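Enquirer: pasting the structure only:
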Ligand code: AP5
């Protein structure tokens, strides 16, 4: 199985959900720039404070900040044997930087119609303590509004408000979708259908990486 993997796809397609499953199966870290940035925001570090406004509005955080946080994480000893990169790269400049520092085995591109993306994002709730992701319709917590693992009150991400969702989808189409061509030309792209339940999608991901 391949171990240096990028998960690419629009907001809400299920990259984070699938990364969590596959990273556990392969024993490699799930590196999400969104999660790293949200931790920096929660810890109120200077980088987090600078990133927050961009994130809440649904715009990309400046490359320089994201690269700083990612290169530090990629240098961790656990990332030597492989990783799943979720949410990075997001534009051609980031892809070129990544090409310069590592060699990828595969880029899995998740595809889902826009109405389903909006549905998944609008219903998402997250645990601010352990970051577990729920969905009011497709993955509800056992006790309404509470995390199954630690009982913390679930929250809605600020960028899951309708205005921010619209911005994120537009930013994806404009800045991130061109990466599909970049990775197709490199022979790395494996597109999968992201409809259906998480288990069905996970089976397609495994098939694509075999
Ligand atoms: P980031 O955190 O990366 O957000 P995103 O790419 O917009 O992706 P999401 O987390 O919204 O969706 P997902 O595909 O992971 O879906 P999930 O599995 O949660 O980025 C946030 C912000 O950080 C950016 O806007 C930007 O500001 C900044 N940022 C991050 N990286 C950056 C970078 N490289 N450069 C610059 N800025 C950067 O699923 C969504 C919902 O659907 C959940 O409720 C889930 O339970 C449900 N679900 C999942 N799978 C299924 C299924 N199969 N069926 C039904 N429901 C499902």
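Expert: In hand now; what should we look at? None of these values were measured; they are calculated from a predicted model.
Enquirer: what about residue 144, which SS state?
Expert: Following DSSP: H, G, I helix; E, B strand; the rest coil, we place residue 144 in the coil state.
Enquirer: Which residue comes closest to residue 191 once chain neighbours are left out?
Expert: Excluding the flanking residues, the one nearest residue 191 by Cβ to Cβ, 6 or more residues apart in numbering is residue 109, at 4.6 Å. Every residue, glycine included, has its C-beta placed from N, CA and C.
Enquirer: Count the residues that sit near the one you found.
Expert: 22 (other Cβ atoms under 10 Å).
Enquirer: All the strands of this protein, in order from the start?
Expert: 4-8, 30-32, 83-86, 106-111, 124-126, 133-135, 189-193 (DSSP state E).
Enquirer: Pretty sure residue 3 sits against residue 81.
Expert: Yes. Counting by Cβ atoms under 8 Å, residue 81 is a contact partner of residue 3 at 6.5 Å.
Enquirer: Quick check: neighbours shared by the two?
Expert: Taking Cβ atoms under 8 Å, 6 or more residues apart in numbering as the criterion, residue 3 and residue 81 both touch residue 28.
Enquirer: For this structure, list the residues in contact with the ligand, please.
Expert: Proximity of the chain to the ligand (Cβ under 6 Å from any ligand atom) is limited to residues 9, 11-17, 33-34, 37, 54-55, 58-61, 66, 87-88, 90, 94, 120-121, 123-124, 133-135, 138-139, 159, 168, 197-198, 201.
Enquirer: out of those residues, which are buried?
Expert: 9, 11-17, 33-34, 37, 54-55, 58-61, 66, 87-88, 90, 94, 120-121, 123-124, 134-135, 139, 159, 168, 198, 201 (16 or more other Cβ atoms under 10 Å).
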